[in-house]
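A.B. asks: for reference, the sequence and a predicted model appear below.
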Amino acid sequence: MTRVFSGVKPTGHLTLGNYLGAMRRWAAVDQHRADSLFCIVDLHALTVDHDPARVRRLSRQAATLLLASGLDPELCSVFVQSHVDEHTRLSYVLECVASDGEMRRMIQYKEKAVRERSRGGSVRLSLLTYPVLMAADILAYGADEVPVGDDQAQHVELTRDLAVRFNQRYGQTFVVPRATRPAVGARVMNLQEPASKMGKSEDVGPGIVYLLDEPDVVRRKVMRAVTDSGRGVEYDPQGRPGVANLLEILAACTGGDPVELGGGGAYGSYGELKRDTAEAVVEVLRPLRERHKELCADPAFVEGVLRDGAERARGLARPTVDAAYRAIGLLPAGTVVPTGAR
């Protein structure tokens with residue numbers, strides 16, 4: 001069976017972009033067709049300045065929202081990255097295969113390093129090397145597919161490069177994965193800044209719809225969305241990104257096509273488009289919010305899911321990581337070395 005791996009980073013509250021771009025597909029499609037693992041990648045949250053208590057709180061919230069989105073622990077594994085030691089075990093081995101130049105070419109590293117310096121902070125070494133940890137997250141499980149948004153595609157390419165390089169140097173060890181993307185809603189943009197992605201978890205502002213926003217808050221944010229200077233509603237991502245973003249969101253929520261929704265004079269005004277989009281978002285988030293409330297009342301269930309998920313994940317990852325250790329030249333634990341061996 002095809003194996004799928006993906007994860008969410010607990011650096012902020014999950015957004016409509018996270019849901020439409022990834023989580024909904026995981027629940028509706030991936031867990032039913034593949035052996036799927038979904039991870040709260042909390043180690044990645046440590047690459048920038050953070051509040052430890054907030055990381056723990058957001059990790060629990062992310063796990064609860066993943067389950068509320070429809071992930072079924074009978075069909076897939078949901079777990080926390082730091083609960084499975086194989087991630088960090090494999091990460092160092094892959095650092096011995098990656099190059100400094102590859103790390104410094106990562107677009108997200110460049111952007112985040114600039115942001116950290118602009119805040120007067122120093123850039124942590126882990127920010128430079130975290131794409132290797134991400135590669136370890138994927139390769140440890142022999143994942144065939146990695147559902148990602150456009151901004152993570154470069155990291156999956158790095159993962160592929162490291163897997164191929166390791167296999168060529170040290171023998172066939174890793175499955176070479178491929179990135180997959182949903183057709184619609186893969187890149188939901190900020191409602192106030194349609195040139196920027198919605199879903200940058202460390203960002204805040206009126207242009208971001210959070211999954212736990214109250215319905216009236218959702219409506220207010222969508223109704224205040226930036227549109228464009230032109231007249232009429234049409235799907236033109238380059239010339240009219242604000243309107244195109246609303247059409248993308250509406251299409252993702254209703255199962256429609258953004259081009260068709262924006263054609264034929266279906267909407268006579270931006271206000272009509274915003275009202276329909278706002279109501280579509282409220283309705284698509286309603287069952288998730290209701291299920292989240294139920295799960296918050298039963299924290300023992302969520303903890304049990306994470307415990308069982310981590311146990312299964314360790315069982316899947318350990319043989320691959322052990323094989324990588326042997327292949328690269330590390331002595332297996334408990335090996336008796338003959339006297340005089342070289």
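C.D. replies: Thanks, I have it.
A.B. asks: now do the helices in this protein.
C.D. replies: 16-18, 24-25, 31-33, 52-68, 86-95, 100-104, 107-118, 125-139, 153-170, 215-223, 241-254, 258-261, 270-296, 299-328 (DSSP state H).
A.B. asks: what pLDDT does Asp30 get?
C.D. replies: On pLDDT, Asp30 comes in at 93.
A.B. asks: let me fix that, I meant to ask about Glu234.
C.D. replies: Each residue has a pLDDT score; the one for Glu234 is 87.
A.B. asks: next, the nearest residue to Asp322 once chain neighbours are set aside: phi, psi?
C.D. replies: Spatial nearest neighbour of Asp322, chain neighbours left out: Pro332 (7.4 Å); criterion: Cβ to Cβ, 6 or more residues apart in numbering. Yep, even glycine has a C-beta here, placed from its N, CA and C like the rest. Reported as degrees, to the nearest 10, the phi and psi values for Pro332 are phi -60, psi 140.
A.B. asks: burial count for Pro332?
C.D. replies: Taking other Cβ atoms under 10 Å as the criterion, the count of residues near Pro332 is 8.
A.B. asks: same question for Gly271.
C.D. replies: Close neighbours of Gly271, defined as other Cβ under 10 Å, add up to 11.
A.B. asks: dump the residue contacts of it.
C.D. replies: Under the criterion of Cβ atoms under 8 Å, 6 or more residues apart in numbering, the contact partners of Gly271 comprise Met223.
A.B. asks: need the pLDDT of it.
C.D. replies: Gly271 is assigned a predicted lDDT (pLDDT) of 93.
A.B. asks: and for Val337?
C.D. replies: 63.
A.B. asks: what do you get for Arg342?
C.D. replies: Per-residue confidence (pLDDT) for Arg342: 58.
A.B. asks: which of the helices of the chain has the lowest average pLDDT?
C.D. replies: For the helices of the chain, where the average pLDDT is lowest is helix 107-118, sitting at a mean of 79.
A.B. asks: in it, what counts as buried?
C.D. replies: Judged by neighbour count using 16 or more other Cβ atoms under 10 Å, the buried positions of helix 107-118 are Tyr109, Lys112, Ala113, Glu116.
A.B. asks: tell me the angle it makes with helix 153-170.
C.D. replies: Angle, helix 107-118 to helix 153-170, by axes from the mean of the first three to the mean of the last three Cα atoms, to 10 degrees: 120 degrees.
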